[in-house]
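K.L.:
When you get a sec, could you give me coordinates for this:
(3 chains)
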Amino acid sequence: MSSFLTYLISGLSLGSIYAIIALGYTMVYGIAKMLNFAHGDFIMVGCYIIFSVSGALSGNSFIGIIAAIILCTLLGITTEFVAYRPLRGAASPLAVLITAIGVSYFLENVALLIFGADIKSFSSVVKWEGLSFADGQLRIQGVTIVTIAISLIVLVGLQLFIKKTKQGQAMLAVAEDKGAAALMGINVNRTIMITFAIGSALAAIAGALLCSAYPSLSPYTGAMPGIKAFVAAVLGGIGSIPGAMIGGLVLGIVEILSKTYISSQLSDAIVFGILVIVLLVRPTGILGKVIQEKV
Amino acid sequence: MNLTKKSKDNLITYGIVVAAYVIFQILSVTGNLSSHMKGLLVPMTYYAVIAVALNLCVGILGELSIGHCGFMCIGAFTSAFFSKVTENTLPSALRFVLAFVIGIAISALFGFLIGIPVLRLKGDYLAIVTLAFGEIIKNVINAFYIGIDGKGVHFSLKNSMELGLEPDGQLIVNGAMGITGTPHNSSFTVGIIVLLLSLFVVLNLVNSRDGRAIMAVRDNYIAAEATGINVTRYKMMAFIISAAIAGAAGVLFSHNITTLTASSQYFGYNASIMILVYVVLGGIGNIRGSVIAACILYLLPELLRGFSTYRMLIYSIVLIVMMIVNWSPKVIEFRKRTFGKFSLKRQ
Amino acid sequence: MKKLNKAVSLVCSAAMAMAMLAGCGNAESTGSAAGGGTFKFGAIGPLSGGAAAYGNAVCNAAELAVAEINEKGGINGYQVEYSKEDDELNAEKSVNAYNTLKDWGMQVLVGSTTSACSIAVSENTKADNMFQLTPSGSAVDCVKYDNVFRVCFSDPNQGIASAQYISDNNLATKVGIIYDSSDVYSSGIYQKFVEESAGKNYEVVSAEAFTQDNNTDFSVQLQKAKDAGADLVFLPIYYKDASLILTQANTMGYSPIFFGVDGLDGILTVENFDTSLAEGVMLLTPFAADAKDDLTVNFVTKYQEKYGETPNQFAADAYDAVYIIKQAIEAKNLTPDMSVSDLCEALKSAMTEIEAKGLTSEKMTWDASGEPNKQPKAVVIKNGAYVSAQ
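P.N.:
This is a model prediction of the structure:
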């Protein structure tokens, strides 16, 4: 039993990382209705900024995180303006998806040229050791608790922002129908830009936590967690913010438990298999809205 | 000649492929083609083939698939397995033809099996499930261990030691190490034949009664259903054909490179997305565009080799710029205003 | 759609024209190369993508060796030209890279860096009868043709040597393994290690895999080894993943002996890595960047100066490879005006005769199979540095 709990806690810590990435993902995805494949690379950029700034300031990670949030926000706004905005209203929604892939390659290769291909070890921004139970048999790492706490804060913050502020309502309106929102006097471009700004800031925070939990940093650090978080966001239901959180946690726990009890070689297949099954039972994810299509 | 506009258009497509073939053959025979270019010809054909397959799925059927390389992977592995087993028993021409039959048939079978759950979903959910299947296929094949000895075929999902092969046995599929030493049968000529055949299949499908039904489903499935079109049947049909053609590309792939491993570079979601890039840049639903775009975009990073370390960076910038130039509503409008008078006559 | 078509075909024809030009230009240079007064060495490796660290190490070190040789007057009085190409860890791209180098006039290939790519390229070098010396292609099939030799140990060789070493030195009674099931190198060593472990004085109690898509969380693999009571964990993997494993083992308070192979070399030079985590890690490696012999000191200093990184065993293998080729060329008194095929034949026989001294071994010899004959060194990490284990 205790070993099961140990695995469950591992799953929780992996899941919490997926959850915080998925929150940023789903934010952009739900409102701008675009799959930002470069989101994982924004995370990587955030990590490199923290790494460089903290390194220059002899380990002061707080200023590093602030710098990462600011620079990632700027990067998000710039990317949106340069690469995504010109394609708004293109004949196919796939156009902007492909551009996002271009942006992803671009960021990875810039990082490769600046920082080199070799991995760098990241010093955790969370210095707290965590909690131990049962004479140290069970331990929850500090970074896991911090990640879950931050995820919850972000979750509540985003919900409040969207439900209670004018800007948040504008986002909902844009998500629902861009044309109608514009007719209501909402500045669609500005709304989407703000969405990207928030999404990118969240990417910086997620990056800090990802690299604190798994301290290895390379130009490709963000790619795989990014795609897993996307899977988590879909699992939870596209556009649903609590769904992203639940999806992330479920994905992490399933991944760890399948590795433990079934096969470590086939765990990817099992995780994706479960995604398929969940979507067959609930075609719009765990918390997704069922939309009745009309003629 | 009394050709309809459609069939004239199709003839142009075949013509371009044949012309490219003739030009490259002449260049090659007269010794004007560098080894680098010669080596690129076969990959170009199979990327063109899989781009055609994906365009059938994305452009004609209207369902976004980001796991198409999974089918390519199945075609590649089944055919390479067959070729490897029969390497010393069958003459190479017959073996290669049979390898195609097997690769295509099994990919089509998987297209059917995967199509059942996938086609029940819609939009982004469907896309993510295709991605999931692509990753599942890759992951499972990576854990395959198959060996053959006097007693028959041994199979394991764990490791090669579990097979318990006799000393004379041969390990054919060795997990992550995949299949090595597949006979090198693919050539530019075979690649072009496969490309022409897949174009023939897809273009004829598009212009047939079935094709029109498929496109009706794409444009408005509720209306199509109301007209009495069997939506599931047509969706399935397009999906299976698409998977089968992707499998054919896989056969070409595995018989061109002698080491076949189920790794992300070839069959992961990233590879599938690269194919999607070909399709989108060539024009969604535009089959000829896919062939051309696949060739250009495969060539591009190769031609950029001169830039050494900046190669992939330049490639990414070119990709973004090409997308904006080709797809941005503002740029299209600008192009229309500036160059509009030249093309008016043609329309 | 029409417009799009036109735009696309325009770009296409431009690209085609470019390709033709490139093609013609290259074809000419092939012709002139044969009569030139320089040797042309090429190297291939992943210079972009997730494995770029390995490819860069190989290509940089080969470049460094060539520069050194040229400074000292070249080989038999002839200068050496060097060119590198990227293969993105993709066998197909590796063949493209090979063809590009061939057009450039390459006479000897140092590469490819990775096993699958090296195997794919060897098919072409065989057809062209070009001499190929792979610094780090360790799979068995890399050297299946007679024109291909390698500098590093083969995968099975490392598996056998590790099993032997653990048993000879009574390092453990229960062994856990964590390996990368999506990687050719790692699963090759793992398979041989398990086969070889039968009948040894220890028992393999757990063997858990991970894949390149799933290489952030190792808690399960470690926990399983811990629960099974493993007192030694065998890590036939690269240092990238190993640095995470060591960190996570430390967080969960699990401290067995970690035992690695040459892929683990490089772990001490990971930027910002807490080397105390690697304390007591044992590895079989042919190369140690902090060795004090003149050869290593010279190489490491120059490499750091030029590329700002500490070289790992990939770099050492490639550096040796260039010098081995130099020695073989000198042994047979070869000249650059010989054809690729003649060079290959001469080098093939030279390889079985020479006895090389390099960074990765005091003494290396080869037989016609292409396998090197050299002794692995076991080292243990003490106070952040390698110390000989004996």
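K.L.:
elements contacting the helix or strand of chain A with the lowest mean pLDDT?
P.N.:
Least confident helix or strand, chain A: strand A:130-133 with a mean of 79, by mean pLDDT, DSSP states H and E. For strand A:130-133, the contact count by 3 or more CB pairs under 8 Å, 6 or more residues apart in numbering or on different chains; DSSP states H and E identifies strand A:138-141, helix A:142-164 as packing neighbours. Placement of C-beta: from N, CA and C, glycine included.
K.L.:
As JSON lines, these with mean pLDDT, mean neighbour count and distance to chain C would be great.
P.N.:
Formatted as JSON lines, these follow (pLDDT from 0 to 100; neighbours: other CB atoms under 10 Å in any protein chain shown; distance: least, CB to the nearest CB, whole Å):
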{"stretch": "strand A:138-141", "mean pLDDT": "81", "mean neighbour count": "18", "distance to chain C": "6"}
{"stretch": "helix A:142-164", "mean pLDDT": "92", "mean neighbour count": "17", "distance to chain C": "9"}
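K.L.:
can you redo these as JSON lines with distance to residue C:270?
P.N.:
Below are the helices and strands packed on strand A:130-133 laid out as JSON lines (distance: least, CB to CB, whole Å):
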{"stretch": "strand A:138-141", "distance to residue C:270": "21"}
{"stretch": "helix A:142-164", "distance to residue C:270": "20"}
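K.L.:
residue contacts, residue 284?
P.N.:
If you meant another chain, say so; for now it's chain A. By CB atoms under 8 Å, 6 or more residues apart in numbering or on different chains, the contact list for residue A:284 reads A:237-238, A:290-291, B:125.
K.L.:
I was thinking of chain B, sorry if that wasn't clear
P.N.:
Contact analysis of residue B:284 by CB under 8 Å, 6+ apart lists A:92, A:94, B:55, B:58-59.
K.L.:
One more: residue B:58?
P.N.:
A:94, B:64-65, B:276, B:279, B:284.
K.L.:
Quick check: phi and psi at it.
P.N.:
Per-residue torsions, residue B:58: phi -80, psi -40 (degrees, to the nearest 10).
K.L.:
in the chain, which spans are strands?
P.N.:
No chain specified, so I'll use chain A. Remark: strands assigned in chain A by DSSP state E are A:120-121, A:130-133, A:138-141, A:216-217.
K.L.:
look at chain C instead
P.N.:
Counting by DSSP E, chain C has these strands, from start to end: C:38-45, C:79-86, C:108-110, C:131-134, C:148-150, C:174-180, C:203-210, C:232-235, C:257-260, C:282-285, C:365-366, C:372-373, C:377-382, C:385-388.
K.L.:
between these, which gets nearest to chain B?
P.N.:
Among these, strand C:79-86 comes nearest to chain B, with 6.5 Å by CB to the nearest CB.
K.L.:
Just the ones in helices from the contacts of residue A:284, please.
P.N.:
Using DSSP state H to define helices, the subset of these located there is residue B:125.
K.L.:
Select only the buried ones of the contacts of residue A:284 in PyMOL?
P.N.:
PyMOL command restricting the contacts of residue A:284 to the buried ones, with burial defined by 16 or more other CB atoms under 10 Å in any protein chain shown:
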select buried, (chain A and resi 237+238) or (chain B and resi 125)
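K.L.:
Pick out the lowest-pLDDT one from the contacts of residue A:284.
P.N.:
Minimum pLDDT for the contacts of residue A:284 is recorded at residue A:291 (66).
K.L.:
hmm, back to that, most neighbours among the contacts of residue B:284, which one is it?
P.N.:
Of all those, residue B:55 has the most neighbours under the rule other CB atoms under 10 Å in any protein chain shown, reaching 32 neighbours.
K.L.:
So that one versus residue B:199, what's the distance?
P.N.:
In this structure, residue B:55 and residue B:199 are 11 Å apart, going by CB to CB, to the nearest Å.
K.L.:
any residues in contact with both of the two?
P.N.:
Counting by CB under 8 Å, 6+ apart, the residues touching both residue B:55 and residue B:199 are residue B:287.
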